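**Q** give me a 3D structure for the following:
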Amino acid sequence: MTPIQTVKMSNFRWVICGLLFLATTINYMDRQVLSLTWKDFIAPDFHWTDAHYGLITGLFSIFYAVANLFAGKFIDWMGTKKGYLIAIFVWSVGACLHAFCGWGALGLAGGSVVALTTISVWLFLSCRLILAVGEAGNFPAAIKVTAEYFPKKDRAFATSIFNSGASVGALAAPATIPLLASAWGWEMAFIVIGALGFLWMGLWAWLYDKPAKNKRVNQGELNYIEQDADIAEVQDRSNLKEEKTIPFWECFKYKQTWAFIVGKFMTDGVWWFFLFWAPAYFSDLYGYTSDSAMGILLILTLYAIVTFLSIGGGYLPTYFVEKKGMNPYLGRMKAMLIFACFPLLGLLAQPLGGVSVWWPAILIGFLGAGHQAWSANLFSTIGDMFPKSTIGTITGIGSMAGGIGSFLINMGSGVLFTFAAGSFVLSGSTADEPKEMSVKNYKEVLTNELLAQGDGQVLAQFSALPDQEKAAKSYEKASKRGGSFFDEYATQATIYEEMSGETLSKEQKEDAGFIEEKFKGLSDKKTADEEFAKRKELTAKAEIVVNTLHSEEFKQLAADGDKLAAAFQQHNAELKQAPLHALGFSGKPAGYMIIFCICAVAYLIGWCIMKSLVPKYKPIVLED
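**A** The predicted structure is shown next:
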């Protein structure tokens, strides 16, 4: 037997792997809170559009990219124990601070609706900046710890386990965050999920130390961990030397660095796109909001597929190395070529969505599983090629490239989806800006038309709904805010004009603070409050009637931009911009199909460039 096999080893490295998994799970849950709350909870409060959300997610990607450039070097300099603690502390603080953006925007906007939208976007961007700076430290630290605790042949498998935390986080998020937001408000969703990071910090401070210094790692396990090194060096714990590192700018002289940069740039944006936009996709195109039972089930199914399939992806290169005799790099690249083909299934997601909404959920799940398996192996190529002292730096550089790719696809998606949808104005409307042609805005048109028919008609149609129990539950939920289309300040302005006889200017109506003051100053405030409550009730009930009676129509319109445009025109709307036509789809579905096509081919292109840069296994050896 070899010396490595003579000592029965402990298995503490898997405890460390479990901590990395938990950190990555928390990381992605914190990142997901916004994507699961913006469409159905935050956007109605601040009047956000897809372009606003695209700006926030796009700039978050840039913040993350820039932070990654320094995060890897920071982890290499600070060390994995202190560096990881600082990183998760910063991102947990940033996550919790999102909860205060609403109060801050309301206080700073001075009653202006336009200012409220703008200020809220910038406050959220400020919090995303803090979140990005902290989250940038996760993967450089995790990859460095994996290289410390696992031999090369096991690193892809260990990486796939902790990297599956991204999938588990994305899986746990839709099962918890919309329910938290629905029960306690979107603010509490940020606070509760953000606080999880502080709990993890206690575990990390207690359990982690480098293998050679960790009392929970015996000599047998240390021999196994360091099997790639000379065994005599491993057994001499008293003579540990600091490994020479590669200076930051010299890293760019190596083709191995550029291969990793290309791999991250071409593919990270795909994962982030689906992470940020999948809830909105099912809401926009199929009408399933993030807090609906069906919406939650779709996202859970998608990420369940990602989670369980991606873990096996880390085993495939181990099979090629141990069973087929390949060196680690070639085995990894062969596995990555297989995983690069998974995203091609994304080309079928949108066409098959017309058959069943489950097809996009399943196919995007396979695409995501391919990404996570690809990502686990991509990260492991760093340990194959670079000395441990430089792993954090290279990870940070590559993650920066991934962040830039994510910025381009997320920012571009927001602009594309808004453009693809087209726009309209209602005949006789005093609105200056055209509105996006979306199912949500079409619902608002129908709701206002029903309200115009009179109170009695709204109440009669609500009472005639076939499932009164369901209608009552929907009203209980919607009554808190009057539904999606109740405008508190516009209603107060209308009541003020009716009771005072005074006609307000357009500028005055847009000043929420002015309207609120005028409404409070009405002589018969009790009657005004009763009228306000009645209109709030009617708006909520009218929306429920519209949603119930037109549910099937909405699903058809969401899938076809031309039909949606025709529906708007039937209700006295003038088209300002026709919906986009591309790849057999129209409207927003065409926009999604374009992005799906980009995502489908990105991996194969990335793999080909990586292979051309580093065709064979060529580790970097530094001379003493």
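**Q** Lys144 reaches Lys388, doesn't it?
**A** Yes - shown here, Lys144 and Lys388 form a contact pair, counting by CB atoms under 8 Å, at 7.2 Å. To be clear about C-beta, it is placed using only N, CA and C from the backbone, and glycine gets the same treatment.
**Q** comparing these two, which residue is more hemmed in?
**A** More neighbours surround Lys144 than the other of Lys144 and Lys388, with 27 against 14 (other CB atoms under 10 Å).
**Q** check contacts around that one.
**A** Lys144 makes contact with 75-76, 80, 388, 391-392, 395, according to CB atoms under 8 Å, 6 or more residues apart in numbering.
**Q** switch the cut-off to 6 Å
**A** Counting by CB atoms under 6 Å, 6 or more residues apart in numbering, Lys144 makes contact with 75, 80, 391-392.
**Q** residues in contact with Phe60?
**A** Contact analysis of Phe60 by CB under 6 Å, 6+ apart lists 128, 132.
**Q** distance check, it against Phe596.
**A** Phe60 sits 22 Å away from Phe596, going by CB to CB, to the nearest Å.
**Q** check Ala259 too.
**A** From Ala259 across to Phe596, the span is 26 Å (CB to CB).
**Q** more neighbours, those two?
**A** Just comparing Ala259 and Phe596: by other CB under 10 Å the higher neighbour count belongs to Phe596, 26 against 23.
**Q** just confirm that one contacts Leu348, I think it does.
**A** No - with contacts counted by CB atoms under 6 Å, Phe596 stays clear of Leu348, the gap being 9.1 Å.
**Q** could you tell me the end-to-end distance of stretch 574-586?
**A** Stretch 574-586 has its terminal residues 18 Å apart, counting by CA to CA, to the nearest Å.
**Q** one more: stretch 543-557?
**A** Using CA to CA, the end-to-end distance of stretch 543-557 comes to 17 Å.
**Q** what are the ranges of the strands in the stretch 1-150 of the chain?
**A** With DSSP state E, counting those that start in this stretch, there are no strands along the stretch 1-150 of the chain.
**Q** do the chain as well
**A** Taking DSSP state E as the test, the strands found in the chain are 423-426, 435-436, 573-577, 581-582, 585-586.
**Q** run me through the strand neighbours of the third one, direction for each.
**A** Here strand 573-577 has these sheet partners by DSSP bridges: strand 423-426 (antiparallel).
**Q** ok, residues contacting the strand it pairs with?
**A** If you take CB under 6 Å, 6+ apart as the criterion, strand 423-426 is touched by 434, 436-437, 568, 573-577.
**Q** of the residues you listed, just say which sits nearest to Trp272.
**A** Ranked by distance to Trp272 (CB to CB), those are led by Glu436 at 23.2 Å.
**Q** and Ala452, how many neighbours?
**A** Neighbour count of Ala452, defined by other CB under 10 Å: 10.
**Q** when you give positions from now on, start the count at 50
**A** Noted, 50 is the first residue going forward, which turns the last one into Ala501.
**Q** if I look at it, how far off is Asp536?
**A** To Asp536, Ala501 is 15 Å away according to CB to CB.
**Q** try Trp326
**A** To Asp536, Trp326 is 27 Å away according to CB to CB.
**Q** which one's more surrounded, the two?
**A** Counting neighbours by other CB under 10 Å for Trp326 and for Asp536 shows that Trp326 has the greater number, 24 against 13.
**Q** phi, psi for Leu553 please.
**A** Main-chain dihedrals, Leu553, degrees, to the nearest 10: phi -90, psi 150.
**Q** pLDDT wise, what is it at?
**A** Leu553 carries a pLDDT value of 85.
**Q** could you pull out the helices for the stretch 450-599 of the chain?
**A** Applying DSSP state H, counting those that start in this stretch to the stretch 450-599 of the chain gives helices spanning 488-501, 504-512, 517-527, 537-549, 555-558, 561-569, 574-598.
**Q** could I get those helices as TSV with distance to Gly640?
**A** Listed next are the helices of the stretch 450-599 of the chain as TSV, based on distance: least, CB to CB, whole Å:
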stretch	distance to Gly640
helix 488-501	14
helix 504-512	34
helix 517-527	29
helix 537-549	30
helix 555-558	33
helix 561-569	33
helix 574-598	24
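**Q** and Ala608, which of these is closest to it?
**A** Among the helices of the stretch 450-599 of the chain, helix 488-501 sits nearest to Ala608 (CB to CB), with 9.8 Å.
**Q** report the angle between that closest one and helix 574-598.
**A** Orientation check (axes from the mean of the first three to the mean of the last three CA atoms, to 10 degrees): helix 488-501 against helix 574-598 gives 120 degrees.
**Q** what's in contact with helix 488-501?
**A** Residues from elsewhere that reach helix 488-501 (CB under 6 Å, 6+ apart): 484, 507, 534, 591-592, 595, 603, 606-607, 620.
**Q** from those, list just the buried residues.
**A** Neighbour counting by 16 or more other CB atoms under 10 Å classes 484, 507, 534, 591-592, 595, 603, 606-607 among the contacts of helix 488-501 as buried.
**Q** so, low pLDDT: which residues of this structure?
**A** Applying pLDDT under 70 to the chain flags the ranges 50-56, 159-162, 278-292, 360-363, 477-481, 672-673.
**Q** tell me the centre residue of it?
**A** Closest residue to the average C-alpha location of the chain: Phe325 at 3.2 Å, with CA atoms, centre = their mean.
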